[in-house]
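# Can you look at this prediction? I've put the sequence above it.
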Amino acid sequence: MGETVTFWVLAVASVAAALGLVFSRKAVYSALMLGVVMLSLAVLYAVQDAPFLAAVQIIVYTGAVMMLFLFVLMLVGVDSSDSLVETLRGQRFWAFLAGLGFAVLLALGFGNVVFAAPTGLAAVNQAGNVPSLAEAIFTRYVFAFEVTSALLITAALGAMVLAHRERAEAKATQKDLSRARFVAFGETGANPASLPGPGTYARHNAIDMPALLPDGSISQLSVNRHLARHTEELLEERSGELDASETPVAEITEGENSK
Amino acid sequence: MTFLVSPVANPGPTSPGPTLADFGHDPLWISIIKAVFLFVFLMVGVLMGVWTERKLISRMQHRYGPNRAGKFGLLQTVADGLKMGLKEDLMPRKVDKLLYFLAPVIIAVPAFLAFSVIPFGPVVSMFGVKTPLQLTDLPVAVLLILAMASIGVYGIVLAGWASRSPYAILGGLRSSAQVVSYEIAMGLSFVAVFLYAGTLSTSEIVAKQADGGSFALGSLNIPLPSWYAVLLIPSFLIYVLTMLGETNRVPFDLPEGEGELVGGFHTEYSSSLKFAMFMLAEYVNVFVVSGVATTLFLGGWRAPWPISLWDGANVGWWPMLWFFAKLVLLFCFFVWVRASLPRVRYDQLMHFGWKVLIPLNLAWILMVASFRALRVDNSPLVIVLMAIVVVGALGVYFRFDTVLQRRREQRAAQEAEEFDQLRDQPTAGGFPVPALDLPHYHGATTGLNRKEVPSA
């Protein structure tokens, strides 16, 4: 009774999630829907007296879906949706045909298994679910198990080799960088310290406003080079403002010096 | 010489505790009572936990901490919680509404679920029904806890993604990478416990820690420690480190490194009830990992040594007290660590997780597994194996030590040379030091010899 209820609730949830996975426009939603399908499967396994499989399903597939999610974020972008332009001709037709064939194969193959009553489950689980699974994996199916793990390791190694780039020289540490800055200071007088902030005389602390030196002139160091053009425009505007409204600091100091 | 570890022939005055067979017979109302108790325990635990942490860390930093609301500031967390509940719930305009709303729920629910397999005590009589003090147990209970932890990460990542804010998404990505990495080391640190206990069920792991057995050396019977924290100390130490990483606590709290990411993944959750859910989940997760540490390594609800001499220590309701005491001590350990250690850098974190914890763990598991496998045969090979491992470890240590020492000396020499070179060329700048005859020194430094100290 409980099993039937669980099945029908989860069947609806997982089929809905699977449809959502296919039809969702946002790749992130698709990945999440896949997660829902996997969780539903895990609960189904648990109901079918396979607690180990259920736990492993959650651990492995939530991790896998998480990776998928992160790849979507990194490769596709934070909030882009799928492009719906078909690049392969006649792809839909062949995909439909292949899908239909696979469905028929599944129906025929699993029909026999599913509609026959399960036999020997209690006997197999006699020693406990985990020990009996372990026994099956490490005695009768040990070759298949080892081959599978070799395959997985090969795939992981291959991915690492493909993605790995050898560093030409050692990565500079913080200490190396600091040392290099001071050597450069000794040779050329380049500023070794951090760039100046808005300064005591500043009236703004926005990133696009340059710092003012005590003599009222602008510290070029404080100008972000990406914002430099923007800053120049701003400065022109600002100098107009200053002339009109108030006496600039620079004039005062210059005046005092000249006396 | 016989070298074998055998369980003590006559068991103690009480049975080691409930096993898997004791579960699944509770009437529904007992299960409901237990579930409600767990929920209330965790909610009150979070309220008191926040207060304890703030109070404890204050005393460690020579402050008083919260002391206004209620006696000893006990009601401070309640007041904060009420304030969060009554605040306007802001929904930023550009967020992904569904996931933004779901993320706090996804992070909080698995944290509570994981506690359902933590054993609080032995079989007691509850309103006339004999039942173990644990909501449920499974043949794969510890895996369930790991599974719940891996679902909880989704809350963090989704909160980061749904917020549509750079700080939040960076925090979410960092946290997912961190939790996934540390989960591997955490799972591996359980393996040795599984090998020794021979089961994945929490109640049975506690039962296995009832007696350590004894080590028969000739005619001498040396009792072995029963806690896996002592017996499998490398696993325990690695677990303690990973539990800090898994719960995003100091020194591994990079997902919310204030200096660089504001609040990390919950930046956009301005202090409303949703933010309260994140706080709740964080503390419940701390309790979960502490509960797991207690159960797997610290003997679970069983009384520690001096108390365990008392016959009634491990029967009835008393064990709940021991469990609670262990939980509180572990929580205090979290606070102590937070007060003592600075946050690590992100590359250090990943380096430590992948290149130190996981290989160490694998080597240790290999050793434990070989030990277990050979011990079954009662073979003297075990001693040979141990000797090889010890000699090998020492050899590796000395080799590394020599290499590192040589490298250190070389680097020091290079730095000294560079320093001399710079000092000899004041025209090239040398190391910049402020002019020591500046007027605001009032001549205090002019008479002194200027002596520069190399930074190495």
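Yep, it's here.
# wait, residue B:19 sits on residue B:204?
Yes: if you go by Cβ atoms under 8 Å, residue B:19 and residue B:204 touch, sitting 5.5 Å apart. For the C-beta atoms, the positions are set from N, CA and C on the backbone; glycine is no exception.
# pLDDT score for whichever residue of the stretch 51-200 of chain A sits closest to chain B?
In the stretch 51-200 of chain A, the residue that lies nearest chain B is residue A:186 (2.8 Å; Cβ to the nearest Cβ). Residue A:186 carries a pLDDT score of 72 in this model.
# could I get the host helix or strand of it in PDB with only the CA atoms?
Using DSSP states H and E, residue A:186 sits in helix A:174-188. C-alpha atoms of helix A:174-188 as PDB (Å, rounded to 0.1, in the frame of the first residue of the first chain):
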ATOM      1  CA  GLN A 174      53.400  37.200  -2.500                       C
ATOM      2  CA  LYS A 175      56.900  37.600  -1.200                       C
ATOM      3  CA  ASP A 176      58.500  37.400  -4.700                       C
ATOM      4  CA  LEU A 177      56.100  40.100  -5.900                       C
ATOM      5  CA  SER A 178      56.800  42.300  -3.000                       C
ATOM      6  CA  ARG A 179      60.500  41.900  -3.500                       C
ATOM      7  CA  ALA A 180      60.200  42.600  -7.200                       C
ATOM      8  CA  ARG A 181      58.300  45.800  -6.400                       C
ATOM      9  CA  PHE A 182      61.000  47.100  -4.100                       C
ATOM     10  CA  VAL A 183      63.800  46.200  -6.600                       C
ATOM     11  CA  ALA A 184      61.800  48.100  -9.200                       C
ATOM     12  CA  PHE A 185      61.500  51.000  -6.800                       C
ATOM     13  CA  GLY A 186      65.300  51.000  -6.300                       C
ATOM     14  CA  GLU A 187      65.900  51.000 -10.000                       C
ATOM     15  CA  THR A 188      63.200  53.300 -11.400                       C
END
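# Tell me the buried residues in it?
Neighbour counts using 16 or more other Cβ atoms under 10 Å in any protein chain shown place A:179, A:182-183, A:185-186 of helix A:174-188 among the buried residues.
# cool, stretch B:51-61 as well?
B:51-58.
# Please identify which of those residues is nearest to residue B:248.
Among the buried residues of stretch B:51-61, residue B:53 lies closest to residue B:248 (Cβ to Cβ), at 14.5 Å.
# Flag every residue of the stretch 1-150 of chain A that's near chain B.
Counting by Cβ under 8 Å from any Cβ of the partner chain, the residues of the stretch 1-150 of chain A close to chain B are A:28, A:32, A:35, A:39, A:42, A:51-52, A:54-56, A:58-59, A:62-63, A:66, A:69-70, A:73, A:78-79, A:128-130.
# on that earlier part again, okay, the residue of the stretch 51-200 of chain A closest to chain B and residue A:178: tell me how far apart.
Applying Cβ to Cβ, to the nearest Å, the value for residue A:186 to residue A:178 is 13 Å.
# One more: residue A:105?
65 Å.
# for residue B:22, same thing?
63 Å.
# Likewise for residue A:154?
43 Å.
# Show me which residues of the stretch 151-259 of chain A are close to chain B?
So far as Cβ under 8 Å from any Cβ goes, the stretch 151-259 of chain A lies against chain B at A:179, A:182-183, A:185-187, A:189, A:192.
# And those residues, which is closest to residue B:185?
Nearest to residue B:185 among those, with distances taken as Cβ to Cβ, is residue A:179, at 34.8 Å.
# Would you map out the domains in the chain?
Picked chain A for this. A:1-76, A:196-254 (automatic domain parsing).
# oops, chain B please
B:20-375, B:379-422.
# I'd like the mean pLDDT over the strand or helix carrying residue B:40, please.
Using DSSP H and E, residue B:40 maps to helix B:28-60. Average pLDDT, helix B:28-60: 91.
# quick check: angle from the longest helix along chain B to helix A:174-188?
Taking DSSP state H as the criterion, chain B has its longest helix at helix B:381-423. Taking axes from the mean of the first three to the mean of the last three Cα atoms, to 10 degrees, one finds helix B:381-423 and helix A:174-188 inclined to each other by 10 degrees.
# which intervals of the chain have sub-threshold pLDDT?
All of this refers to chain A. Chain A contains residues with pLDDT under 70 at A:76-86, A:112, A:114-118, A:197-202, A:204-208, A:224-259.
# nope, chain B
B:1-15, B:212-224, B:258-259, B:271, B:375-382, B:422-438, B:441, B:443-456.
# can you map out the strands along it?
Along chain B, the segments classed as strands by DSSP state E run B:5-6, B:121-126, B:129-133, B:214-217, B:220-223.
# near chain A, which residues of the stretch 51-200 of chain B?
Counting by Cβ under 8 Å from any Cβ, the stretch 51-200 of chain B sits next to chain A at B:96, B:99, B:138-140, B:143-144, B:146-147, B:150-151, B:153-154, B:157-158, B:161, B:164, B:169, B:173, B:176, B:180, B:183, B:199-200.
# got a list of what the nearest residue to residue B:127 once chain neighbours are set aside touches?
Leaving aside its chain neighbours, residue B:127 sits nearest to residue B:30 (7.7 Å; criterion: Cβ to Cβ, 6 or more residues apart in numbering or on different chains). Applying Cβ atoms under 8 Å, 6 or more residues apart in numbering or on different chains, we find residue B:30 in contact with B:126-127, B:129, B:131.
# Let me have those residues in CSV, extended by neighbour count.
Output for those, formatted as CSV (neighbours: other Cβ atoms under 10 Å in any protein chain shown):
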residue, neighbour count
B:126, 15
B:127, 9
B:129, 13
B:131, 20
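# Among these, which one sits closest to chain A?
residue B:131 (20.9 Å).
# beta partners for the closest one?
residue B:124 (DSSP bridges).
# My understanding was that it contacts residue B:121; is that so?
No: using Cβ under 8 Å, residue B:131 makes no contact with residue B:121, being 10.3 Å away.
# Distance from stretch B:203-213 to the middle of the chain?
Chain-centre distance of stretch B:203-213: 22 Å, with Cα atoms, centre = their mean, to the nearest Å.
# which outside residues touch the helix or strand hosting residue A:70?
Assigned by DSSP H and E, residue A:70 belongs to helix A:51-71. Helix A:51-71 is contacted from outside by A:28, A:31-32, A:34-35, A:38-39, A:41-43, A:45-46, A:129-130, A:133, B:138-140, B:143-144, B:146-147, B:150-151, B:153-154, B:157, B:161, B:173, B:176, B:180, B:183, using Cβ under 8 Å, 6+ apart.
# tell me how far the helix holding residue B:40 is from the chain's mean position?
18 Å.
# do the same with stretch B:87-104
On Cα atoms, centre = their mean, the centre of stretch B:87-104 falls 30 Å from that of its chain.
# May I have the distance across that stretch, first residue to last?
17 Å (Cα to Cα, to the nearest Å).
# Flag every buried residue along that stretch.
So stretch B:87-104, judged by 16+ other Cβ under 10 Å, has buried residues B:95-96, B:99-100, B:102-104.
# need these in a markdown table with distance to residue A:87, can you?
As requested, the buried residues of stretch B:87-104 are exported to a markdown table (distance: Cβ to Cβ, whole Å):
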| residue | distance to residue A:87 |
| --- | --- |
| B:95 | 33 |
| B:96 | 28 |
| B:99 | 30 |
| B:100 | 34 |
| B:102 | 34 |
| B:103 | 34 |
| B:104 | 40 |
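# In the residues you listed, find the pair that's most separated.
Those two in the buried residues of stretch B:87-104 that are separated most widely, counting by Cβ to Cβ, are B:96 and B:104, at 13.8 Å.
# what does stretch A:135-143 contact?
With Cβ under 8 Å, 6+ apart as the test, stretch A:135-143 has contacts from A:127, A:145.
# Dump that stretch to CSV, keeping only the CA atoms.
The C-alpha atoms that make up stretch A:135-143 are tabulated as CSV, following Å, rounded to 0.1, in the frame of the first residue of the first chain:
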residue,chain,number,x,y,z
GLU,A,135,29.8,-9.9,-1.4
ALA,A,136,28.2,-9.8,-4.8
ILE,A,137,30.4,-7.0,-6.0
PHE,A,138,33.7,-8.3,-4.7
THR,A,139,33.2,-12.0,-5.5
ARG,A,140,31.0,-12.7,-8.5
TYR,A,141,31.1,-9.3,-10.2
VAL,A,142,34.6,-8.3,-9.2
PHE,A,143,36.0,-8.3,-12.8
